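> Show me the folded form of this:
(2 chains)
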Amino acid sequence: MDLQCRSLDVKIATGGVALDRDARPVLLIHGAGMDRTVWNQQTRYLAHHGFAPIAVDLPGHGGSDGACHETIGSMAEWVNDFIDEIGMGPVRLVGHSMGCLIALEVASSFSANVERIVLMGAAAAMPVHPDLLGAAQRNEILAPQLMTAWAHGSRAHIAGNPTPGLWMRSSCQALLERAGDGVIFNDLYACNAYDAGDVAARIECPVTVIVGSEDKMTPPKATAQLVAGFSEVELKHLDGIGHMMMLEAPNDIRKILLEALQ
Amino acid sequence: MVEPDYLKFDTLSLHAGQEPDPTTGSRGVPIYQTTSYSFTDTDQAAGLFNLEQPGHIYSRISNPTVAVLEERIAALEGGVGAVCTASGMAAFHLACATIMSAGNHVVASRNIYGGSHNMLNLTMPRFGINTTFVDPRDLDAWSDAITPDTRVLFAETLGNPGIEVLDIPAVAEVAHQHGLPLMLDATFTTPYLMKPIDLGADIVMHSVTKFLGGHGIALGGVIVDGGRFDWAANDKFPTLSQPYDGYHGITFTEEYGHQALSMRARAEGLRDFGAAMSPTNAFHLLQGIETLPLRMQRHVENTAAVVDFLTDNEAVSWVSHPSVSSHPDHELAKQLLPKGAGAILSFGINGGREAGRRFIENVQLASHVANVGDAKTLVIHPASTTHQQLSAEDLVAAGVGEDLIRLSVGLEDAGDIIFDLARALRASQKG
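Numbers count the residues shown, from 1 in each chain, chains lettered A, B, ... in the order given. Below you'll find the model as predicted:
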């Protein structure tokens, strides 16, 4: 369905049900070059378990209008405005990869709008390989290919999709290929430029961080550096899982989310 | 410059979609010969029925053995997902029924398998879906045949039986300019010889019975979802882009985006039409796919030898295979099919229908069957078998003359195949 923010259409996925404004709102923010559909293994489940999931397409992504925001800070301001716009706050914020950085900024700068955050594939810094950044700048298919190759654990490169018939690697690449020209570069550049500083220390709400042991994009060591800064954090490890953990280990993620979001 | 460390085609042929069985450690794919699956609790059961979580409910909708085959074919084709069916025709029907409704229209190549032609020309009109057939080489004809009701362009990667090579990028461009998907039957090429999705196709289907299985012992079909087509870009595909009461108002494009087709085809198509693949067939077909790269290489090598032989034979009036320099698509084949243009060819036999009959009756190694893509060499006379339902006019339009023999070159020793053909050709001329 579509909502509005700053007078532009915003595409959201709600798990295939009408948005329940009396249920506990969960705002899910996708990563670089992606869109709301990366949460399709979680939204419908949450919608039928007492929550109001809102998987949002950031401006310029998926089905949302507008141009991409160029910095994590600007993206966070937009997310905060969106929370105000839907009038259901404070929300539970769930972020993946770049979405984690946005969630961190929203939770630290607009704390009244955030009840708690859950981060998947998170790190205080997300430096991007120069070859990937260059390919993205040139809108080459190599960018989706490299992101797909690095974003999955070794198991996901062979098998293991619990949804019968779906092939994880091409699904990720196809999703990234659908991004408009410049979108992936915009997002990767924003991640590359982001400096977390003391953001973790400024977050007062409860935090859950989920880390995949085979995450090459935000390796466990990088996640650990971020985690050390939180005053209150629950850490969840997933063995053999890479960066696309909500799709690689959807059953585990659903279980963790159900506990963390209560 | 770094490169993506993707597993390569030969590796995926053996491994994609399967891990050693977590319960027994079985390295081979187990045959889960079961109709149904025990639920762990009522919450899980409700979640499975409501698409809240993935898993198996009933083998008409999904099955663990079939799922390995689906994931493997999707991996080999570069699709986001695949749905297997009882046969290739069931796959064709599933794809059509998933994206179209009464009042819709298809533009199809006129040079397609007789069964597919029948379905589009005779059967689908009973359900309100009509088709315009066009010359696959005529790009203007594709474009001119599109109407406001058109929902898909359909062709075969290699036509049947004339082995026309479809200019996939060009036809895909026509389709996409009109906001339509291109669906291709890639049975004759397999993903080893060509990956249609990389060339612009949006839906790929196979009769898995043929080269993918390779052994001619198990029926099966599959549709592969390319995941690149935007079903929500216009209002032409309401089955995917509008709420569906079958799952309490879910809109597949909103929730599943680029996987919408795969999800709807299974959730509705297999559930309601029920043309599911049997797990035992999936097991057999998986054994075939494990050797697909090796077999296709040999098919192509043997075909080259047979083409050379036929080209020089006095009993043969013409040979149609894209590897022949006189074939109209020879240059296109070199571009789109660098590993080879498949193992199916047709040739004309001097003496027409009677000579054709004598040829068929005198082959001993080659088998006279209504099939292609077997490990064994197969021959058939299409005018009297696969294309017999076509009118004389449609036969001419489809390029099926009475002298036409279709040959599916197998994996036997090339010398033995040629010896058999030479003997039968000699006999054919002794009328």
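> for chain A, what are the nearby residues on the stretch 151-300 of chain B?
B:226-228, B:230, B:232, B:247-251, B:254-259, B:262, B:266 (C-beta under 8 Å from any C-beta of the partner chain). From N, CA and C alone the C-beta is placed, and that goes for glycine too.
> mind redoing it with 10 Å?
B:197-198, B:222-230, B:232-233, B:243-244, B:247-260, B:262-263, B:265-266, B:270 (C-beta under 10 Å from any C-beta of the partner chain).
> Which members of the residues you listed are positioned in helices?
Counting by DSSP state H, the part of these found in helices is B:197-198, B:252-256, B:260, B:262-263.
> and the residues you listed, which are buried?
With burial judged by 16 or more other C-beta atoms under 10 Å in any protein chain shown, the buried subset of these is B:197, B:252-256, B:260, B:262-263.
> Can you report how many residues lie near residue 154?
As the question left the chain open, I've gone with chain A. The number of residues packed near A:Ser154 is 12, by other C-beta atoms under 10 Å in any protein chain shown.
> oops, chain B please
25.
> Same question for A:Ile12.
Around A:Ile12 there are 23 residues (other C-beta under 10 Å).
> same question, B:Glu361
That count, for B:Glu361 with other C-beta under 10 Å as the rule, works out to 11.
> same check, this time on the one 4 residues further on
Other residues near B:Leu365 number 18, with proximity taken as other C-beta under 10 Å.
> Distance check, the residue minimising distance to the centre of chain B against B:Met277.
Central residue of chain B (C-alpha atoms, centre = their mean): B:His206, 2.3 Å from the mean position. Distance from B:His206 to B:Met277, counting by C-beta to C-beta, to the nearest Å: 12 Å.
> if I look at the two, which residues touch both of them?
B:84, B:91, B:220-222 (C-beta atoms under 10 Å, 6 or more residues apart in numbering or on different chains).
> Return the closest of those with respect to chain A.
Nearest to chain A among those: B:Cys84, at 7.6 Å, using C-beta to the nearest C-beta.
> helix/strand/coil for the closest one?
Secondary structure, DSSP: H, G, I helix; E, B strand; the rest coil: B:Cys84 is strand.
> Three-state assignment for the closest residue to it other than its chain neighbours, please.
Nearest-residue entry for B:Cys84: B:Met277, 4.3 Å, with adjacent residues in sequence omitted and distances by C-beta to C-beta, 6 or more residues apart in numbering or on different chains. Under the three-state scheme (three-state DSSP), B:Met277 adopts coil.
> Do a quick rundown of the strands in chain B.
For chain B, applying DSSP state E gives strands covering B:81-85, B:105-109, B:130-134, B:150-156, B:182-185, B:203-207, B:221-225, B:316-320, B:344-349, B:367-368, B:378-380, B:404-408.
> Make JSON lines out of those and add mean pLDDT.
Output for these, formatted as JSON lines (pLDDT from 0 to 100):
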{"stretch": "strand B:81-85", "mean pLDDT": "98"}
{"stretch": "strand B:105-109", "mean pLDDT": "98"}
{"stretch": "strand B:130-134", "mean pLDDT": "98"}
{"stretch": "strand B:150-156", "mean pLDDT": "98"}
{"stretch": "strand B:182-185", "mean pLDDT": "98"}
{"stretch": "strand B:203-207", "mean pLDDT": "98"}
{"stretch": "strand B:221-225", "mean pLDDT": "98"}
{"stretch": "strand B:316-320", "mean pLDDT": "95"}
{"stretch": "strand B:344-349", "mean pLDDT": "94"}
{"stretch": "strand B:367-368", "mean pLDDT": "93"}
{"stretch": "strand B:378-380", "mean pLDDT": "93"}
{"stretch": "strand B:404-408", "mean pLDDT": "93"}
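> thinking again about what came up before, out of the ones in helices among the residues of the stretch 151-300 of chain B next to chain A, which is nearest to A:Phe185?
A:Phe185 has its nearest neighbour among these in B:Asp198, at 22.7 Å by C-beta to C-beta.
> That closest one contacts B:Ile168, correct?
Yes: taking contacts as C-beta atoms under 10 Å, B:Asp198 lies within contact range of B:Ile168: 9.2 Å.
> Next, format the buried ones among the ones in helices among the residues of the stretch 151-300 of chain B next to chain A as a markdown table and append distance to B:Pro20 and pLDDT.
Formatted as a markdown table, these follow (distance: C-beta to C-beta, whole Å; pLDDT from 0 to 100):
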| residue | distance to B:Pro20 | pLDDT |
| --- | --- | --- |
| B:Ile197 | 29 | 98 |
| B:Phe252 | 33 | 96 |
| B:Thr253 | 36 | 96 |
| B:Glu254 | 37 | 93 |
| B:Glu255 | 32 | 91 |
| B:Tyr256 | 29 | 94 |
| B:Ala260 | 32 | 97 |
| B:Ser262 | 26 | 97 |
| B:Met263 | 28 | 96 |
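> wait, is A:Gly153 part of a strand?
No: read with three-state DSSP, A:Gly153 is coil and lies in no strand.
> Number of residues surrounding it?
Neighbours around A:Gly153, by other C-beta under 10 Å: 24.
> do you know how far it is from B:Asp230?
29 Å.
> which strands and helices sit next to the lengthiest helix in chain A?
When chain A is scanned for its longest helix (criterion: DSSP H), the result is helix A:72-86. Other elements packing on helix A:72-86 under the criterion 3 or more C-beta pairs under 10 Å, 6 or more residues apart in numbering or on different chains; DSSP states H and E are strand A:2-5, strand A:8-13, strand A:24-29, strand A:51-56, strand A:91-96, helix A:98-109, strand A:114-120, helix A:183-193.
> With only the CA atoms kept, save the second one in CSV.
It refers to strand A:8-13. C-alpha atoms of strand A:8-13 as CSV (Å, rounded to 0.1, in the frame of the first residue of the first chain):
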residue,chain,number,x,y,z
LEU,A,8,5.4,12.1,-1.8
ASP,A,9,4.1,8.5,-2.1
VAL,A,10,5.8,6.0,0.0
LYS,A,11,5.4,2.3,-0.8
ILE,A,12,5.1,0.0,2.2
ALA,A,13,4.5,-3.7,2.8
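> Tell me if it is near chain B.
Yes: contact of strand A:8-13 with chain B (C-beta under 10 Å from any C-beta) involves A:11-13.
> just those residues now: which is nearest chain B?
Nearest to chain B among these, with distances taken as C-beta to the nearest C-beta, is A:Ala13, at 5.3 Å.
> Enumerate every residue touching the closest one.
A:1, A:28, A:35-40, A:43-44, A:47, A:53-57, A:62-63, B:251, B:253-257.
> again, but for B:Met205
B:82-83, B:85, B:88-92, B:94-96, B:116, B:154, B:156, B:183-187, B:196, B:221-224.
> The same query, at a cut-off of 8 Å, please.
B:88, B:91-92, B:95, B:183-187, B:221-224 (C-beta atoms under 8 Å, 6 or more residues apart in numbering or on different chains).
> B:Ala91 now?
Contacts of B:Ala91 by C-beta under 8 Å, 6+ apart are B:83-85, B:205-207, B:221-223.
> Adding distance to A:Pro127, write the residues you listed out as JSON lines.
Listed next are the contacts of B:Ala91 as JSON lines, based on distance: C-beta to C-beta, whole Å:
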{"residue": "B:Val83", "distance to A:Pro127": "40"}
{"residue": "B:Cys84", "distance to A:Pro127": "42"}
{"residue": "B:Thr85", "distance to A:Pro127": "46"}
{"residue": "B:Met205", "distance to A:Pro127": "43"}
{"residue": "B:His206", "distance to A:Pro127": "43"}
{"residue": "B:Ser207", "distance to A:Pro127": "49"}
{"residue": "B:Gly221", "distance to A:Pro127": "47"}
{"residue": "B:Val222", "distance to A:Pro127": "41"}
{"residue": "B:Ile223", "distance to A:Pro127": "41"}
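> Of those residues, just the buried ones, ChimeraX syntax please.
This is how ChimeraX selects the buried members of those, with burial counted by 16+ other C-beta under 10 Å:
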select /B:83,84,85,205,206,207,221,222,223
